[in-house]
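1. structure, please.
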Amino acid sequence: MTAEAAEGSSRHDSTEIRLSDNGVGNRSTLGWIGVLLILVLLSEEVAYAFNLVTPALPNMAVEFSTGEIAWVSTLFTLSGAVSAPLIGKLADRYGKKRWLLIATGFMALGSLIVALAPSFAIVLVGRTVEGLGLAIVPITYSLMRDVFPKRMLAMAVSLSTVGIGLTGIIGPSIAGVLIDNFGYRGVFFALAIFPVVIGALVILFVPESPVRVKTSIDWVGGGLLGLAMAVLLFGIGEGGTWGWTSMNTLGMAVLSIALFIGWGLYERRIENPLIDLAVLRGRAVITTMITQFTGQAVIVLQFVLLSFIVQTPAALGLTYGLGETAGFMARITTPGGIASVVMGFLVGYFAEKRGARLPNFIGFALMAAGSLMLAFSHSEFTSILLGYLVYAFGGGLISAAIPNLVIAATPVHLQAVTASTVNVVGSLGSAIAVQLGFAVLALNIVNVVEGSPIYAGSGFTAVYFIAAGLAIVGFVASVLMPHGRKPQSVESVV
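-> Presented below is the predicted three-dimensional model:
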């Protein structure tokens with residue numbers, strides 16, 4: 001643990017280690033591998049909720065004749081951003097396994113609501129409920145921290161992120177089959193069934209954490225934070241329509257800033273805040289949050305842009321558009337997914353030898369390079385494949401490195417809530433990126449077909465440049481990190 005993280009430890013929360021450890025530490029290596037497999041599969045549900053849904057966005061836009069399809073992704077990530085720290089606190093207090101299962105239930109219920117939705121409004125309600133399941137990932141990381149043997153921790157955390165790479169390999173193929181045969185609803189029925197099955201395995205085989213943190217739950221802080229985020233995202237989403245210098249847009253910006261300031265002041269005054277701002281002042285946590293924000297923003301932009309580039313008809317005569325089905329995306333994302341998986345294994349090994357900082361900033365350099373390649377050339381299959389592959393190598397590195405950097409920067413008794421806070425920042429990065437990306441595309445509409453807008457190629461070029469800029473910011477933050485320079489098993493000892 002860094003000195004800065006120690007200085008930022010909670011003022012009021014107290015940690016209790018229960019004497020009964022529910023079998024923690026009494027398993028063979030093979031048994032821990034089985035637990036890891038279950039948690040990896042469960043983490044994949046979160047990745048599937050994005051990677052299977054994104055190829056369905058063009059189909060959903062046509063189905064509901066809407067130009068507001070960005071909110072399908074935005075409300076999902078916004079809901080997760082607001083709820084993750086609250087669920088993290090509840091997990092700290094009442095048990096990480098228990099709240100892992102509750103978050104899994106939200107994911108299944110929200111997916112079922114979308115699958116059965118008769119209107120676009122109900123789709124958005126379902127995605128909001130589904131977003132509560134985003135807490136699965138940070139709770140999984142902190143549960144691993146509590147129960148896994150130290151010798152397996154770095155590799156276990158890194159391999160849990162490999163699920164993101166696996167969905168890149170098989171996700172678009174699964175989505176293509178489901179969308180082409182059952183429409184977008186087939187995707188959401190699958191997303192409703194999968195967590196129920198894996199949740200049953202969690203109940204049977206995954207041990208509960210013996211760590212408990214006695215703290216109150218800051219519901220008011222969660223509400224203020226959620227409102228501030230919602231106002232910010234709404235302003236970004238409508239900025240292109242209102243005009244970026246209009247009174248409406250500026251008013252939303254001022255209101256969101258005021259709400260964020262009010263939330264910060266409130267958090268400083270209460271005894272057990274939702275997010276302990278003292279922890280966030282440390283350079284280790286701040287730089288990690290910046291990399292999480294920018295990394296998730298680039299990842300979401302890459303996948304969303306690719307979905308539209310692949311499925312936009314070539315007959316429209318634009319400077320992009322392969323005119324293929326959703327399943328065709330697999331020809332591009334499968335090599336990228338393999339690259340991500342390989343990088344996940346590499347980071348697990350390297351983090352235990354040298355720390356996670358180096359693979360993190362190498363990853364951002366590759367993400368920036370891939371985004372620039374796609375900005376200059378996104379009209380031919382070969383150039384799209386090459387640019388996406390370069391990006392994917394970088395995305396795999398940072399996806400595996402950042403969870404290890406969170407552990408290295410965070411005191412053990414704040415692991416769940418701090419991991420959730422970093423996840424909030426990542427979710428906010430995804431949400432802002434989607435809204436900003438579609439806002440830029442909305443300035444470049446050349447036609448509207450069946451209620452769904454068709455964007456000019458210049459809009460895609462601009463958004464790819466934004467992705468490259470975000471990756472450069474993440475690279476700089478990685479260079480400035482004071483942690484992640486020692487073996488993971490050393491830095492995670494607090």
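2. and stretch 355-366, how far out from the chain middle?
-> Relative to its chain's centre, stretch 355-366 lies at 18 Å (Cα atoms, centre = their mean, to the nearest Å).
3. output that stretch in CSV with nothing but the alpha carbons.
-> Extracted in CSV, the C-alpha atoms of stretch 355-366 (Å, rounded to 0.1, in the frame of the first residue of the first chain):
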residue,chain,number,x,y,z
GLY,A,355,4.2,-4.6,-11.3
ALA,A,356,1.2,-3.5,-13.5
ARG,A,357,2.2,0.1,-14.3
LEU,A,358,4.4,-0.8,-17.4
PRO,A,359,1.8,-2.9,-19.2
ASN,A,360,-0.7,-0.2,-18.5
PHE,A,361,1.0,2.7,-20.3
ILE,A,362,2.1,0.4,-23.1
GLY,A,363,-1.6,-0.5,-23.5
PHE,A,364,-2.6,3.1,-23.7
ALA,A,365,0.1,3.8,-26.4
LEU,A,366,-1.3,1.0,-28.5
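4. for it, give the mean pLDDT please.
-> In this model, stretch 355-366 has an average pLDDT of 88.
5. repeat that for stretch 35-52.
-> Mean per-residue pLDDT for stretch 35-52: 85.
6. list the buried residues of it.
-> Within stretch 35-52, the residues that qualify as buried are 35-36, 38-52, counting by 16 or more other Cβ atoms under 10 Å. Every residue, glycine included, has its C-beta placed from N, CA and C.
7. what of stretch 437-444?
-> Gly437, Phe438, Ala439, Val440, Leu441, Ala442, Asn444.
8. need the contact partners of it.
-> For stretch 437-444, contacts defined as Cβ atoms under 8 Å, 6 or more residues apart in numbering pick out 67, 69-70, 236-241, 301, 304-305, 453, 455-456, 458-460, 462-463, 466.
9. pull out the buried residues from stretch 212-226.
-> Buried residues in stretch 212-226 (16+ other Cβ under 10 Å): Arg212, Val213, Thr215, Ile217, Asp218, Gly221, Gly222, Leu224, Leu225, Gly226.
10. contacting residues around the fifth one?
-> Going back to what we said before, that points to Asp218. Counted by Cβ under 8 Å, 6+ apart, Asp218 has contacts Leu86, Lys89, Glu267, Ile270, Asn272, Pro273, Leu274.
11. from Asp276, how far out is it?
-> 10 Å (Cβ to Cβ, to the nearest Å).
12. the third one now?
-> Separation of Thr215 from Asp276 (Cβ to Cβ): 10 Å.
13. then the first one?
-> Counting by Cβ to Cβ, the separation of Arg212 from Asp276 is 17 Å.
14. any low-confidence regions in this structure?
-> Applying pLDDT under 70 to the chain flags the ranges 1-26, 154-155, 157-168, 278-279, 281, 352, 411-420, 423, 450-451, 487-494.
15. mind giving me the domain split of the protein?
-> Following automatic domain parsing, the chain resolves into domains at 3-7+27-210+272-491, 218-271.
16. deepest-packed of the ones you listed, please.
-> Highest mean neighbour count of those: domain 3-7+27-210+272-491, a mean of 22 (counted as mean count of other Cβ atoms under 10 Å).
17. how far does that one sit from its chain's centre?
-> On the basis of Cα atoms, centre = their mean, domain 3-7+27-210+272-491 sits 3 Å off its chain's mean C-alpha point.
18. helices of the stretch 1-150 of the chain, start to end?
-> Here the stretch 1-150 of the chain has its helices, by DSSP state H, counting those that start in this stretch, at 3-7, 29-51, 57-63, 70-94, 96-116, 120-131, 136-147, 150-160.
19. kindly report the same for the stretch 301-450 of the chain.
-> According to DSSP H, counting those that start in this stretch, the helices that the stretch 301-450 of the chain contains are 330-353, 357-376, 381-409, 415-442.
20. let me know the angle separating the shortest one from helix 330-353.
-> Think helix 357-376. Going by axes from the mean of the first three to the mean of the last three Cα atoms, to 10 degrees, helix 357-376 is angled at 160 degrees with respect to helix 330-353.
21. which strands and helices sit next to helix 357-376?
-> Counting contacts by 3 or more Cβ pairs under 8 Å, 6 or more residues apart in numbering; DSSP states H and E, helix 357-376 is packed against helix 283-311, helix 330-353, helix 381-409, helix 457-479.
22. need the contact partners of the shortest one.
-> The one in question is helix 457-479. Under Cβ under 8 Å, 6+ apart, the answer for helix 457-479 is 287, 290-291, 294-295, 297-298, 301-302, 305, 308-309, 318-320, 357, 360-361, 364-365, 367-368, 371-372, 374-376, 378-379, 394, 398, 433, 436-437, 440-441, 443-444.
23. just the CA coordinates for stretch 123-130, please, in CSV.
-> Extracted as CSV, the C-alpha positions of stretch 123-130 are listed here (Å, rounded to 0.1, in the frame of the first residue of the first chain):
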residue,chain,number,x,y,z
VAL,A,123,-36.4,-0.9,-22.9
LEU,A,124,-34.7,2.0,-21.1
VAL,A,125,-36.3,1.0,-17.8
GLY,A,126,-34.9,-2.5,-18.2
ARG,A,127,-31.5,-1.3,-19.1
THR,A,128,-31.5,0.9,-16.0
VAL,A,129,-32.3,-2.2,-13.8
GLU,A,130,-29.7,-4.2,-15.7
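24. and the contacts of it?
-> Contacts of stretch 123-130 (Cβ under 8 Å, 6+ apart): 49, 60, 64, 71-72, 75-76, 78-79, 106-107, 109-115, 117, 188, 191.
25. repeat for stretch 369-376
-> Under the contact criterion Cβ under 8 Å, 6+ apart, stretch 369-376 has outside partners 298, 302, 305, 383-384, 386-394, 461, 464-465, 467-468, 471.
26. now with 10 Å, please.
-> Residues from elsewhere that reach stretch 369-376, judged by Cβ atoms under 10 Å, 6 or more residues apart in numbering: 298, 301-302, 305-306, 309, 336, 383-384, 386-395, 460-472.
27. export the helices of the stretch 1-150 of the chain as CSV, with columns for distance to Ser256.
-> Listed next are the helices of the stretch 1-150 of the chain as CSV, based on distance: least, Cβ to Cβ, whole Å:
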stretch, distance to Ser256
helix 3-7, 28
helix 29-51, 24
helix 57-63, 26
helix 70-94, 13
helix 96-116, 26
helix 120-131, 19
helix 136-147, 24
helix 150-160, 33
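28. nearest to Ala230, out of those?
-> Among the helices of the stretch 1-150 of the chain, helix 70-94 comes nearest to Ala230, with 6.4 Å by Cβ to Cβ.
29. the closest one relative to helix 96-116, how many degrees between them?
-> Per the same axes, to 10 degrees, the angle that helix 70-94 makes with helix 96-116 is 160 degrees.
30. what angle separates helix 70-94 from helix 415-442?
-> Counting by the same axes, to 10 degrees, helix 70-94 lies at 170 degrees to helix 415-442.
31. could you give the angle of helix 70-94 to helix 29-51?
-> Note on geometry: by the same axes, to 10 degrees, helix 70-94 and helix 29-51 are set 150 degrees apart in direction.
32. what's the angle between helix 70-94 and helix 120-131?
-> 30 degrees.
33. who touches stretch 234-246?
-> Applying Cβ under 10 Å, 6+ apart, the external contacts of stretch 234-246 come out as 67-68, 70-71, 74, 78, 248-256, 431-445.
34. coming back round to it: could I get the buried residues of stretch 212-226 as TSV with secondary structure?
-> Shown next, in TSV, are the buried residues of stretch 212-226 (DSSP: H, G, I helix; E, B strand; the rest coil):
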residue	secondary structure
Arg212	strand
Val213	strand
Thr215	coil
Ile217	coil
Asp218	coil
Gly221	helix
Gly222	helix
Leu224	helix
Leu225	helix
Gly226	helix
